[in-house]
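> build me a model:
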Amino acid sequence: MIKVGIIGAGSLTAEELLKILLNHKNVEVNILHSETYQGKKVDSVWPAFKNLTDLSFSAPSLQKIKEVCDCIFITRPHGKASEVVKELNSSKIKIIDLSADFRLPDLSYYKKWYPGMNHQIPELLSKAVYGLPELFRDKIKKSSLTANPGCYATAVILSLAPLLKNNIIKKQIIVNAFSGVSGAGRMHKENFNLFGDIYGNLKIYKPGTHQHTPEMELTLGKLAGDEVKITFIPCLIPVNRGILAISSHPLENKLTKKDIIDIYQKFYKNEKFIRICENGYPEIASVAGTNFCDIGFEIDARNNILMAASTIDNIVKGASGQAVQNMNLMFGFDETEGLISH
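Sure, this is the predicted structure:
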């Protein structure tokens with residue numbers, strides 16, 4: 001049994017994280033750090049937790065957190081998480097950061113894609129482990145600081161990894177992705193994610209400039225052994241949660257759909273959270289509320305084009321569920337604990 005805390009516990013991802021952790025047999029949640037809700041009981045803020053926990057939000061010192069926690073999840077905004085890590089770095093606490101502060105390997109990338117953010121401890125950028133278990137499981141097991149990937153990056157990387165590893169597609173890639181409004185968090189953004197802005201609507205935003213792009217390029221480049229360039233076009237759709245990412249690729253050689261399925265099944269053999277759609281295509285509804293990533297394909301034989309699609313729940317596999325998956329690896333628990341009913 002380990003003692004766990006959440007810093008930034010008033011966030012949407014923290015709410016989902018708490019749901020998972022309360023059902024984890026190896027975890028005791030003992031700190032929910034939130035200055036916004038300090039002193040309030042959890043069920044007074046989130047009524048769904050009534051009769052599930054007596055926890056209250058607090059704002060204890062980081063010294064107290066060092067004394068009572070084995071593991072900390074940070075769900076604070078980008079630019080703020082590094083402040084916490086700077087204070088906790090010398091302790092024995094294992095840290096899982098759900099912000100973007102440790103996803104990129106050096107300060108130049110960070111400043112380019114997160115302009116105006118002040119990183120408090122850049123010397124740790126190269127030491128943090130990118131927390132995508134299906135690709136970096138062994139490193140995560142040894143990690144004391146794990147950077148949880150972005151939601152879009154998770155969906156796209158898992159979809160394209162087998163293709164680039166096997167040199168099946170070119171390294172200049174265009175991806176269209178569609179996300180539910182929960183990807184924007186709890187903050188209301190004028191003309192963007194209010195009900196009246198998105199209901200019955202579909203919005204393109206940050207085409208070619210979205211901050212998850214470098215995660216995709218760098219991670220997939222490692223697999224390909226070469227530079228990968230991605231033109232990424234994210235879209236906001238009128239659903240609460242979920243991501244659907246779609247890419248299309250000219251094929252150098254003639255391949256059948258069965259060939260592609262065989263490649264993916266071999267690459268993701270024994271992966272509990274990857275489901276290959278042999279028939280039909282992945283849908284957001286099929287992964288909602290789960291830590292699964294569903295991946296499907298089609299080949300346009302007339303033009304010899306491969307179309308690849310993946311779906312995840314942006315709050316679970318794209319955030320809180322993957323964070324727990326990383327925690328399980330870091331502490332030697334069953335990787336599926338808290339995420340799949342046994």
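> tell me the secondary structure for residue 271?
Following DSSP: H, G, I helix; E, B strand; the rest coil, the label given to residue 271 is coil.
> OK, contacts around the residue nearest to it when sequence neighbours are not counted?
Setting aside the residues directly before and after it, residue 271 is nearest to residue 134 in space (C-beta to C-beta, 6 or more residues apart in numbering), at 5.4 Å. (Each C-beta comes from the backbone N, C-alpha and C, glycine too.) Contact criterion C-beta atoms under 8 Å, 6 or more residues apart in numbering gives 158, 161, 268, 271, 273, 274 as the residues in contact with residue 134.
> pLDDT on the helix or strand harbouring residue 197, on average?
Counting by DSSP states H and E, the element that carries residue 197 is helix 195-198. When pLDDT is averaged along helix 195-198, the result is 72.
> where's the residue nearest to residue 271, which helix or strand?
Residue-wise, residue 134 maps onto helix 133-141 under DSSP H and E.
> mind listing the helices for the chain?
Here the chain has its helices, by DSSP state H, at 12-21, 42-45, 62-68, 81-88, 107-113, 133-141, 151-165, 195-198, 213-224, 257-267, 284-287, 321-330.
> and of these, who's closest to residue 3?
Between residue 3 and these, the shortest gap by C-beta to C-beta is with helix 62-68, which sits at 6.0 Å.
> what's the closest one packed up against?
Helices and strands in packing contact with helix 62-68 are listed as strand 2-7, strand 27-33, helix 81-88; criterion 3 or more C-beta pairs under 8 Å, 6 or more residues apart in numbering; DSSP states H and E.
> which of those sits most buried?
Each of the helices and strands packed on helix 62-68 was given a mean neighbour count from mean count of other C-beta atoms under 10 Å, and the largest, a mean of 23, is that of strand 2-7.
> relative to that one, what are the paired strands and their orientations?
strand 27-33 (parallel), strand 71-74 (parallel) (DSSP bridges).
> make TSV out of those strands and add distance to residue 173 and mean pLDDT.
TSV is the format used below for the strands paired with strand 2-7 (distance: least, C-beta to C-beta, whole Å; pLDDT from 0 to 100):
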stretch	distance to residue 173	mean pLDDT
strand 27-33	38	96
strand 71-74	31	97
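> let me have these in TSV, extended by distance to residue 246.
Shown next, in TSV, are those (distance: least, C-beta to C-beta, whole Å):
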stretch	distance to residue 246
strand 27-33	36
strand 71-74	31
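> who wins for proximity to residue 341 among those strands?
If you check each of the strands paired with strand 2-7 against residue 341 by C-beta to C-beta, strand 27-33 wins as the nearest, at 16.0 Å.
> what angle do the closest one and helix 81-88 make?
Compare the direction of strand 27-33 with that of helix 81-88 by axes from the mean of the first three to the mean of the last three C-alpha atoms, to 10 degrees and you get 110 degrees.
> what angle do strand 27-33 and helix 12-21 make?
Taking the same axes, to 10 degrees, one finds strand 27-33 and helix 12-21 inclined to each other by 160 degrees.
> tell me where the chain is predicted with low confidence.
In the predicted model, the chain carries pLDDT under 70 at residues 183-196, 342.
> before we move on, the earlier item: for residue 232, find the nearest of the strands paired with strand 2-7.
Proximity to residue 232, assessed across those by C-beta to C-beta, is greatest for strand 71-74 (25.2 Å).
> list of residues touching the closest one?
By C-beta under 8 Å, 6+ apart, the surrounding residues in contact with strand 71-74 are 2-8, 14, 17, 65, 81, 84-85, 88, 93-99, 323, 327, 330-331.
> OK, contacts around the residue nearest to residue 318 when sequence neighbours are not counted?
Of all residues beyond its chain neighbours, the one nearest residue 318 is residue 151 (2.9 Å), with distances taken as C-beta to C-beta, 6+ apart. By C-beta under 8 Å, 6+ apart, the residues touching residue 151 are 179, 183, 212, 243, 312, 314, 315, 318, 319.
> quick check: the fourth one touching residue 309?
This means residue 243. No - contact criterion C-beta atoms under 8 Å: residue 243 and residue 309 do not qualify, at 10.6 Å.
> these two: who's more crowded?
residue 243 (28 against 22; other C-beta atoms under 10 Å).
> tell me how far the residue of the chain most remote from its centre lies from residue 277.
Outermost residue of the chain with respect to the C-alpha centroid, by C-alpha atoms, centre = their mean, is residue 302; its distance is 35.7 Å. Shown here: residue 302 relative to residue 277, a distance of 22 Å by C-beta to C-beta, to the nearest Å.
> please apply the same query to residue 67.
Relative to residue 277, residue 67 is positioned 48 Å away (C-beta to C-beta).
> and what of residue 12?
28 Å.
> next: residue 328.
Going from residue 328 to residue 277 by C-beta to C-beta gives 26 Å.
> who has more neighbours, the two?
residue 328 (22 against 18).
> count the neighbours of the closest residue to that one other than its chain neighbours for me.
Counting by C-beta to C-beta, 6+ apart, the nearest residue to residue 328 once its immediate chain neighbours are dropped is residue 335, at 4.9 Å. For residue 335, the number of neighbouring residues by other C-beta under 10 Å comes to 21.
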